[in-house]
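A.B. asks: output the structure for:
(one chain, ligands or ions: 3)
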Amino acid sequence: MCGIVGIVSSEPVNQLVYDSLLLLQHRGQDSTGIATTDGNTLHMRKAAGQVREAYRTRDMRALPGTMGLGHVRYATKGSARNEEETQPFYVNAPYGIVLVHNGNLTNTRELTDELYRVDRRHLNTTSDTELLINILANELQAQISGTDLDLDQVFTSVSRVHERVEGSYACIALIAGHGLLAFRDPYGIRPLVLGRRPLGFVGFEWIVASETVALESQGYEVVRDIEPGEAVFITRSGEMHSRQCAANPRLVPCAFEYVYLARPDSIMNGISVYEARLRLGDRLADTVAAYTPMGDIDVVMPIPDSSRPAAMQVAQKLGIEYREGFYKNRYVGRTFIMPGQAERKKSVRQKLNAMGSEFRGKNILIVDDSIVRGTTSREIVDMARAAGANKVTFSSAAPPVRFPHVYGINMPSRRELVAYGKKIPEIATEIGADYLIYQEVADMQSAIVQGSRVTDLEKSCFDGRYVTGTVTEEYLRWVEATQLS
Ligand SMILES: O=P(O)(O)OC[C@H]1O[C@H](OP(=O)(O)OP(=O)(O)O)[C@H](O)[C@@H]1O
Ligand SMILES: NC(=O)CC[C@H](N)C(=O)O
Ligand SMILES: [Mg+2]
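C.D. replies: Ligands and ions are numbered 1, 2, ... in the order given. This next block holds a predicted model:
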């Protein structure tokens, strides 16, 4: 996952894009970039690290213009450390395009070959986003007949992108001199939402972003989610046009957004992330009650931050006291999205500290939102024991992660997953817990979608079923062999 935002206004947008990226920082910490346009010229600043460290005043001054977009990256393809792969990507024809992408393409080998052989385009990195912008540019170029660009040409190009590209992609592009284009893959795997606020007497300032938190915190009205397969084009003068560009769109959003990635105060596809996490806690409590003798638990404890809503609900439903025994260092970011296992492991210790008084002699039920590599759970169980806990029961509000995630979350390799090829008692031994309880897949799905129009979720990392066509055993092996450096 990454965080993306695009804004069309009649006033300078650089600060608005920056502020939006700060609100989306939880979606990516590797690098960031902003591009703006003041008519025909595209201005761009990119840097490694988080938003607050990346832009200085002189960088912001170098980003004039009334249309802009921005990106915070959590790399899933290529390299997290390669500056060349920091987004936005730029191509000079047609017109000049910059693009930001949240997601991961699964037919990159075929696309790389086609772009070279048929389209005669050069790729300079191994980023899937560079592929995507070149496919879009190529299709747009093929549509243009005169010098001007019309809506049909824009939307037909997006239809062609849907035909050629497989995987997940929520994208925003600026076409210099023309407008802002946003589109979502035909399954709507990654999120994208449209908002606006009044500007002047008749017009609106428009925003497109990964999460509603970027809209609401800045006073934008949430208009709606961009539909799977849909494209939205906002002209320089603020007219908004949209069209369904996919042949068979079907909403299958990523379950992991609700489990971990998104901020709890966002609403995605009509589902409040916070409420989904509360319901995950409710269902988990039932499973805990079914498998654990209740006398075995004195307190319920979350692992800050993401498991808090679920843990509160587990405690309430079981009628057991909720205590916060792990104190979180607010200056350490999210550990799961850091690149490299050594850094992730070290950061769990830096991030969380166990308070002895909450553990000594007690039987603890620890609740986390998910267990992926087991980095957090191993350290946490160890810390709980060192702080004097008696029995440690570990529970996860998501089911075991047993399959690679190929749609925009960096868990490409089965051997990295602590649950891969193991039964639950074996995983418990691996993380050092006395008992281990996981959410059931069906309970996770019903907890997330309850009361919404969403009927299915992209949950391949839990059940091994991939919604797009190209994900074969051979592909997974290739991903494992060439995984992110
Ligand atoms: O099994 P693992 O590979 O360790 O991954 C799972 C853990 O990583 C995440 O926490 P993170 O520190 O990233 O963020 P948070 O503060 O939002 O919980 C998640 O909430 C789990 O705690
Ligand atoms: N997490 C993402 O959305 C990553 C986007 C893109 N695949 C990259 O690696 O840069
Ligand atoms: Mg966590």
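
A.B. asks: low-confidence regions, this protein specifically.
C.D. replies: Low-confidence segments of the chain, defined by pLDDT under 70: 201, 294, 484-485.

A.B. asks: who in it is up against ligand 1?
C.D. replies: The interface of the chain toward ligand 1, taken as CB under 6 Å from any ligand atom, is made up of 260, 303-306, 334-337, 368-377. The way it works is simple: take the backbone N, C-alpha and C, and place the C-beta from them, glycine included.

A.B. asks: how does this structure divide up, domain by domain?
C.D. replies: Per automatic domain parsing, the structural domains of the chain span 3-251, 275-452.

A.B. asks: can you tell me the distance between the two ends of the last one?
C.D. replies: When you say that, I think you mean domain 275-452. End-to-end distance for domain 275-452: 12 Å, by CA to CA, to the nearest Å.

A.B. asks: now swap in the first one and tell me
C.D. replies: With CA to CA as the measure, the first residue of domain 3-251 is 20 Å from its last.

A.B. asks: about what we covered before: so which of the residues of the chain next to ligand 1 are in strands?
C.D. replies: In strands, defined here by DSSP state E, the members of the residues of the chain next to ligand 1 are D368.

A.B. asks: take the residues of the chain next to ligand 1 and keep only those in helices.
C.D. replies: T375, T376, S377 (DSSP state H).

A.B. asks: of the residues you listed - the most surrounded one?
C.D. replies: S377 (26 neighbours; other CB atoms under 10 Å).

A.B. asks: the strands in the stretch 201-350 of the chain, which residues?
C.D. replies: 203-209, 221-225, 230-235, 240-244, 267-268, 271-272, 299-302, 321-322, 326-328 (DSSP state E, counting those that start in this stretch).

A.B. asks: would you list those in a markdown table and tack on distance to T112?
C.D. replies: Shown next, in a markdown table, are the strands of the stretch 201-350 of the chain (distance: least, CB to CB, whole Å):
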| stretch | distance to T112 |
| --- | --- |
| strand 203-209 | 28 |
| strand 221-225 | 31 |
| strand 230-235 | 24 |
| strand 240-244 | 28 |
| strand 267-268 | 31 |
| strand 271-272 | 36 |
| strand 299-302 | 43 |
| strand 321-322 | 51 |
| strand 326-328 | 42 |
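
A.B. asks: hang on, the earlier thing: can you select the buried ones from the residues of the chain next to ligand 1 in PyMOL?
C.D. replies: This is how PyMOL selects the buried members of the residues of the chain next to ligand 1, with burial counted by 16 or more other CB atoms under 10 Å:
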select buried, resi 260+303+304+306+334+335+336+337+368+369+370+371+372+373+374+375+376+377
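
A.B. asks: got a list of contacts for stretch 328-335?
C.D. replies: 25-26, 29, 50, 304-305, 344, 347-348, 350-353, 375-376 (CB atoms under 8 Å, 6 or more residues apart in numbering).

A.B. asks: please compute how far it lies from its chain's middle.
C.D. replies: How far stretch 328-335 lies from its chain's middle: 18 Å, per CA atoms, centre = their mean, to the nearest Å.

A.B. asks: end to end, how far does it reach?
C.D. replies: First-to-last residue span, stretch 328-335, CA to CA: 12 Å.

A.B. asks: how about it against ligand 2, any contact?
C.D. replies: No - if you take CB under 6 Å from any ligand atom as the test, stretch 328-335 misses ligand 2, and the best it gets is 12.9 Å.

A.B. asks: quick one: which of the contacts of stretch 328-335 has the most company?
C.D. replies: Busiest of those [other CB under 10 Å] is T376, holding 24 neighbours.

A.B. asks: which residues sit in contact with that one?
C.D. replies: Contacts of T376 by CB under 8 Å, 6+ apart are I303, T335, F336, V348, D368.

A.B. asks: how close does it sit to I366?
C.D. replies: Distance of T376 to I366, computed by CB to CB, to the nearest Å: 10 Å.

A.B. asks: need the overlap of contacts for those two.
C.D. replies: Among the neighbours of T376, those also in contact with I366 (CB under 8 Å, 6+ apart) are I303.

A.B. asks: about what we covered before: reformat the strands of the stretch 201-350 of the chain as TSV; add mean neighbour count.
C.D. replies: Listed next are those as TSV, based on neighbours: other CB atoms under 10 Å:
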stretch	mean neighbour count
strand 203-209	25
strand 221-225	16
strand 230-235	23
strand 240-244	16
strand 267-268	24
strand 271-272	20
strand 299-302	25
strand 321-322	15
strand 326-328	16
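
A.B. asks: does V161 touch N134 like I think?
C.D. replies: No - the pair V161 / N134 is not scored as a contact, 10.6 Å apart, by CB atoms under 8 Å.

A.B. asks: what's in contact with whichever strand or helix holds L194?
C.D. replies: In this structure, L194 is located in strand 193-199 according to DSSP states H and E. Outside strand 193-199, the residues within contact range by CB under 8 Å, 6+ apart are 9-11, 182, 204-212, 215, 219-226, 232, 238, 240, 268.

A.B. asks: one more: stretch 279-299?
C.D. replies: 258-259, 309-314, 317-318, 320-323, 325, 358, 362-365, 367, 369, 391, 393, 395-398, 435, 437-440, 443-444, 446-448, 450.

A.B. asks: do you know how far S377 is from Y327?
C.D. replies: 18 Å.

A.B. asks: got it, and F256?
C.D. replies: In terms of CB to CB, F256 sits 26 Å off from Y327.

A.B. asks: for A290, same thing?
C.D. replies: 32 Å.

A.B. asks: can you pull the buried residues of the helix ranked longest in the chain?
C.D. replies: The longest helix of the chain (DSSP H) is helix 273-291. Of the residues in helix 273-291, 273-285, 287-289 count as buried by neighbour count, 16+ other CB under 10 Å.
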